[in-house]
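Chemist: Mind looking at a prediction? Sequence and model below.
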Amino acid sequence: MDNKANITAMAAVEPVVSRRKLLLGLAAASASAAAMAAPDTAEPAVLENPELIRLGDELHAVAAEYRAAKQARKAIVEEWGTRWPLAPEALLYRRPWDRYAQEVTIDGGPLVRTGEKDPFCVMTVKDIVYEIKDAERVLRGKTFDRQKKYRGLTRQELEQSLEDDYERVAVAREYEAECARVRSQSGIEQAKARLDGARDTFTAVVKRILAEPEYSMTGVVIKAQAISVASAADALMVFSTLENEDWGTRLARSVLHHAEARA
């Protein structure tokens, strides 16, 4: 098994490992090259980049906070999800392409009801108030004196639609107030803000670790560990953090470089 495979295997078997274990693993991977060095040609150990060491020490704390924030948000969703109100029938309509008006769960994700393939769309107070003002404006004016219909509706039909909207907006206000009450009591907004902050901090630390130059095998270990810890916490974070860089190949080259330097 080559050096890159060794690193990958270690991350797969134990995603979150101690720096000592990773050092032992990488030392074993480069042992054959190091053994070629003559006893009297051994060089003093290279001091590692102090900023990389500091970031490596910070890694586990920010990863732990991210995991805790993620779990806290999940617990709220599980506890309060059953108390989240469904939108009243009077507010529902289907328009699959209107993703901004979709019915959502307590954490803002699409809400797909039992037996449905897609979420319903929900009319908001803002939408209905706009329709009411528009209908009132048309009915006050001379539109129907010049034409028989407005938006496909006769005067009588528009008047009935306006009456329906007066009732509908009251229902919408009640529904939105209940959603706001559940959000407030559950603490979901604070939990989401905490998770967003923890993710940003975690991602920033991983990016800085990978950007710092390493001076020895210890630095290589810190970078491998950053990828391993980030991958264990959130695979999508790794993709966004690595920014299309082939860090597996780069780490393998670093291992070979430092092993050859000792040989």
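Modeler: Received the coordinates, thanks.
Chemist: tell me the mean pLDDT for the helix or strand hosting V182?
Modeler: Assessed by DSSP states H and E, V182 sits inside helix 155-186. Across helix 155-186, the average pLDDT comes to 97.
Chemist: So V112 sits against T105, correct?
Modeler: No: using Cβ atoms under 8 Å, V112 and T105 do not qualify as a contacting pair, with a distance of 9.3 Å. All C-beta atoms are positioned from the backbone trio N, CA, C, and that covers glycine.
Chemist: Can you mark which positions in the helix holding V182 are buried?
Modeler: 158, 161-162, 165, 168-169, 171-172, 175-176, 182-183, 186 (16 or more other Cβ atoms under 10 Å).
Chemist: With stretch 125-134 instead?
Modeler: Applying 16+ other Cβ under 10 Å to stretch 125-134 flags 125, 127-128, 131-132 as buried.
Chemist: Stretch 200-212 now?
Modeler: Across stretch 200-212, burial judged by 16+ other Cβ under 10 Å covers 201-203, 205-210, 212.
Chemist: Give me the neighbour count for A252.
Modeler: 21 (other Cβ atoms under 10 Å).
Chemist: What of E78?
Modeler: 9.
Chemist: try S228
Modeler: S228: 21 neighbours (other Cβ under 10 Å).
Chemist: host element of it?
Modeler: helix 217-233.
Chemist: Now do that helix, average pLDDT.
Modeler: Averaged over helix 217-233, pLDDT sits at 87.
Chemist: Tell me which helix or strand in the protein has the weakest average pLDDT.
Modeler: helix 31-34 (a mean of 40; mean pLDDT, DSSP states H and E).
Chemist: What's the first helix or strand after it?
Modeler: helix 50-80.
Chemist: Could you list every helix and strand that that next one packs against?
Modeler: helix 155-186, helix 188-211, helix 217-233 (3 or more Cβ pairs under 8 Å, 6 or more residues apart in numbering; DSSP states H and E).
Chemist: and the ones you listed as CSV, adding distance to D118?
Modeler: Output for the helices and strands packed on helix 50-80, formatted as CSV (distance: least, Cβ to Cβ, whole Å):
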stretch, distance to D118
helix 155-186, 20
helix 188-211, 24
helix 217-233, 31
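Chemist: Between those helices, which one is closest to R137.
Modeler: Closest approach to R137 among the helices and strands packed on helix 50-80 is made by helix 155-186 (10.8 Å; Cβ to Cβ).
Chemist: correct me, but T124 touches R173?
Modeler: No: using Cβ under 8 Å, T124 makes no contact with R173, being 9.9 Å away.
Chemist: that older thread, looking at the helices and strands packed on helix 50-80, which is closest to N49?
Modeler: helix 217-233 (5.9 Å).
Chemist: Which strands and helices lie in contact with that closest one?
Modeler: Helix 217-233 packs on helix 3-13, helix 19-29, helix 50-80, helix 188-211, helix 235-242, helix 247-262, going by 3+ Cβ pairs under 8 Å, 6+ apart.
Chemist: again, only this time at 6 Å
Modeler: helix 19-29, helix 50-80, helix 188-211, helix 235-242, helix 247-262 (3 or more Cβ pairs under 6 Å, 6 or more residues apart in numbering; DSSP states H and E).
Chemist: Pick out the shakiest of these, pLDDT-wise.
Modeler: Note on those: lowest mean pLDDT is at helix 19-29, with a mean of 51.
Chemist: returning to that earlier point: now, among the buried residues of helix 155-186, which is nearest to V138?
Modeler: L158 (6.6 Å).
Chemist: so who does that closest one touch?
Modeler: By Cβ atoms under 6 Å, 6 or more residues apart in numbering, the residues touching L158 are A135.
Chemist: try 7 Å this time
Modeler: The contact partners of L158, taken as Cβ atoms under 7 Å, 6 or more residues apart in numbering, are 135, 138-139, 150.
Chemist: V104 now?
Modeler: V104 neighbours (Cβ under 7 Å, 6+ apart): 110-111.
Chemist: What of L139?
Modeler: 158-159.
Chemist: Roughly how far does it sit from L158?
Modeler: 6 Å (Cβ to Cβ, to the nearest Å).
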